[in-house]
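# fold the following for me, if possible:
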Amino acid sequence: MLRQSFFAAVLGVACVAGTANAGLLGHQFTCGSKAPAFECESTSLTVGAGIETYFRYIANGVQRVFSVDLDDTGLTLTYASGLASISFPGPPQGLTLRDETSPITGATLVNSSIPAFTDNQVSLVSGLLGLEFGTIRQMFPGDSIRIDITTRDARVPEPGVAWLVGAAIAAAVAFRRRPSA
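The predicted structure follows:
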């Protein structure tokens, strides 16, 4: 009876203990543009430390517009032009990102220091994240956009769950080897 109660308690705690999202580090992304006048400096990105690429204007010579920095939880675009300010010529102008490792299932605008960039400029269609810049009339040094990204990724058990499962296995081995009285 004591053994059954112990195993039921361990199993119950393991079932209610949470899992953690594995995060975006190491994921492979494809970066693209919605217009021929813009491009990603590098189209194949691996999420890691630092800036992954630059989104740039190529119509009148190459001019970097944004740095594209993916981290464990999302995306930060930061104004990267050497000009005092820059404006977009109008729609459609924008950036696209696709997670090739695991489909993007959610994108939330967390912060934008650019007043014309709102939730309406963020779209997610069939795992393709789209950012529309055509409404931005002017940007300045220091301007940035932060978007949190969620993916349909393998869930990773919290360390506490792994410990509980290990303890349950150890207890089972100990109870089986114990001689009966």
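# tell me where the model's unsure across the protein.
Within the chain, the segments meeting pLDDT under 70 span 1-22, 89-92, 153-168, 170-181.
# mind giving me the domain split of it?
2-18+158-177, 21-156 (automatic domain parsing).
# which SSE is S123 in?
strand 122-125 (DSSP states H and E).
# next SSE after that strand?
Next in sequence after strand 122-125, counting helices and strands by DSSP H and E, comes strand 128-132.
# quick one on the thing from earlier: can you give me the buried ones in the strand holding S123?
For strand 122-125, burial by neighbour count (16 or more other Cβ atoms under 10 Å) applies to V122. Heads up, the C-betas are built off the backbone N, CA and C, glycines and all.
# direction included, what does that strand pair up with?
With DSSP bridges as the test, strand 122-125 is paired with strand 128-132 (antiparallel).
# go through the partner strand and flag the buried ones.
Per 16+ other Cβ under 10 Å, strand 128-132 contains these buried residues: 129-132.
# looking at the residues you listed, which one is closest to L25?
L129 (17.4 Å; Cβ to Cβ).
# who does the nearest residue to the closest one once chain neighbours are set aside bridge with?
In space, and not counting its chain neighbours, L129 is closest to L97: 4.5 Å by Cβ to Cβ, 6 or more residues apart in numbering. Beta-bridge partners for L97, by DSSP bridges, are C31, L129.
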